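*Asks:* Sharing a sequence plus its predicted fold:
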2 protein chains.
Amino acid sequence: MCAKDCCAPKDERKGVEIACKCETRVQRFLQPCLLLLLKVKPSYGYELVENLHQFGFDELPDPATTYKNLRIMEQEGWVASQWDTGGPGPARRIYQVTPEGEDLIQSWTVAIRRTQESLNTFLSLYEREFKK
Amino acid sequence: MCAKDCCAPKDERKGVEIACKCETRVQRFLQPCLLLLLKVKPSYGYELVENLHQFGFDELPDPATTYKNLRIMEQEGWVASQWDTGGPGPARRIYQVTPEGEDLIQSWTVAIRRTQESLNTFLSLYEREFKK
DNA sequence: AGTCTCTATATGCATTAAGAATATAGATGT
DNA sequence: ACATCTATATTCTTAATGCATATAGAGACT
């Protein structure tokens, strides 16, 4: 059993855990999560990474991925940023959601509801097949 | 609005629909769906592609992807295949689930339930933020 | 002054899953 | 003989992500 209680055993030769065989990652889920967090409160990369915990990612996206996505989202016009040099420590790039970004949260929620229905279909079929 | 009622407009210059910006694909969801379909009834690639409709994929995985995944799953030992030359038309490679494959369906279901909880968290936070 | 750690952002490279395009070929109908 | 439908397979490319690494300011301690 792997750390996620599903499948992957340890690789005895290397002594490390090998990739989980039954992982189902939600691709492009990071961007809607970031948008929603920023809608709740304008924030910056380092803090956002910590707040992503609540979305129950199996493994948190690494900082590099988060920073890269924030830059992409700014290019797309969904968020806007400004440097904050006021606080302690190094300067922070504070992001906030634009009107376009707010519209997109609505649209993305529609897509996520549809994704959820797909998973429901799988789980229903699973129950019908095994739990009888 | 795109065909999925969320965001992507048509590209006027090319006259074609551009990629939807708010798509959240469930990565590696195809394999558990195939395993479950094969658990219900042994089948072959071409037929499986048609039966994938029921899982509500936004866009059906193209045949190439399905065939490739079936081969990978056979290499992993989750399914076994044999040629069926009996029926009409060209020979079919019939797949069925192995005991290892059945175990994996259980494990994968655990992962899919966890994924569903992530989506629930997003949707709850969305409702709290917007629907009040 | 030197250096160590924590915070914070950023870039380059490699991996992986998936799609697009294409190739192959048997069976069937005209 | 030829077109069409069924069925499988391969190659090339793209997109999203993770890993490793680089950079640098601020505060603490010696």
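*Replies:* Perfect, thanks for sending it. Computed from a predicted structure; not experimentally measured.

*Asks:* and the longest helix along chain A, anywhere near DNA strand D?
*Replies:* When chain A is parsed with DSSP state H, its longest helix is helix A:99-130. No - Helix A:99-130 stays clear of DNA strand D (Cβ under 7 Å from any atom of the strand), getting no nearer than 12.7 Å. Yep, even glycine has a C-beta here, placed from its N, CA and C like the rest.

*Asks:* what about that helix and DNA strand C, touching?
*Replies:* No - for helix A:99-130, no contact with DNA strand C is found by Cβ under 7 Å from any atom of the strand; the gap never falls below 12.3 Å.

*Asks:* so, in contact with chain B or not, that helix?
*Replies:* Yes - using Cβ under 8 Å from any Cβ of the partner chain, helix A:99-130 comes into contact with chain B via A:104-123, A:125-126, A:129-130.

*Asks:* Tell me what angle that helix forms with helix B:99-130.
*Replies:* When axes from the mean of the first three to the mean of the last three Cα atoms, to 10 degrees is applied, the directions of helix A:99-130 and helix B:99-130 differ by 140 degrees.

*Asks:* Against which helices or strands is helix A:99-130 packed?
*Replies:* helix A:30-40, helix B:30-40, helix B:99-130 (3 or more Cβ pairs under 8 Å, 6 or more residues apart in numbering or on different chains; DSSP states H and E).

*Asks:* In a markdown table: those, plus mean neighbour count.
*Replies:* As requested, the helices and strands packed on helix A:99-130 are exported to a markdown table (neighbours: other Cβ atoms under 10 Å in any protein chain shown):
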| stretch | mean neighbour count |
| --- | --- |
| helix A:30-40 | 22 |
| helix B:30-40 | 22 |
| helix B:99-130 | 17 |
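
*Asks:* can you list those helices in a markdown table and add mean pLDDT?
*Replies:* Formatted as a markdown table, the helices and strands packed on helix A:99-130 follow (pLDDT from 0 to 100):
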| stretch | mean pLDDT |
| --- | --- |
| helix A:30-40 | 97 |
| helix B:30-40 | 97 |
| helix B:99-130 | 94 |
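
*Asks:* can you list those helices in CSV and add distance to B:Thr24?
*Replies:* Below are those laid out as CSV (distance: least, Cβ to Cβ, whole Å):
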stretch, distance to B:Thr24
helix A:30-40, 7
helix B:30-40, 15
helix B:99-130, 9
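
*Asks:* what residues does chain A put near DNA strand D?
*Replies:* Within chain A, the positions near DNA strand D by Cβ under 7 Å from any atom of the strand are A:25, A:27-31, A:59, A:61-62, A:64-65, A:68-69, A:88-91.

*Asks:* Is it possible to mark the buried ones in those residues?
*Replies:* When those are checked for burial by 16 or more other Cβ atoms under 10 Å in any protein chain shown, the buried set is A:Arg25, A:Arg28, A:Phe29, A:Leu30, A:Gln31, A:Pro61, A:Asn69.

*Asks:* The spatially closest residue to the fifth one that is not a sequence neighbour sits in which helix or strand?
*Replies:* In space, A:Gln31 comes closest to A:Asn69 once its chain neighbours are excluded; the distance is 5.7 Å by Cβ to Cβ, 6 or more residues apart in numbering or on different chains. Following DSSP states H and E, the helix or strand that holds A:Asn69 is helix A:63-76.

*Asks:* what angle separates that helix from helix A:30-40?
*Replies:* Taking the same axes, to 10 degrees, one finds helix A:63-76 and helix A:30-40 inclined to each other by 70 degrees.

*Asks:* other SSEs contacting helix A:63-76?
*Replies:* Using 3+ Cβ pairs under 8 Å, 6+ apart, the elements in contact with helix A:63-76 are helix A:30-40, helix A:45-51, strand A:79-84, strand A:92-97.
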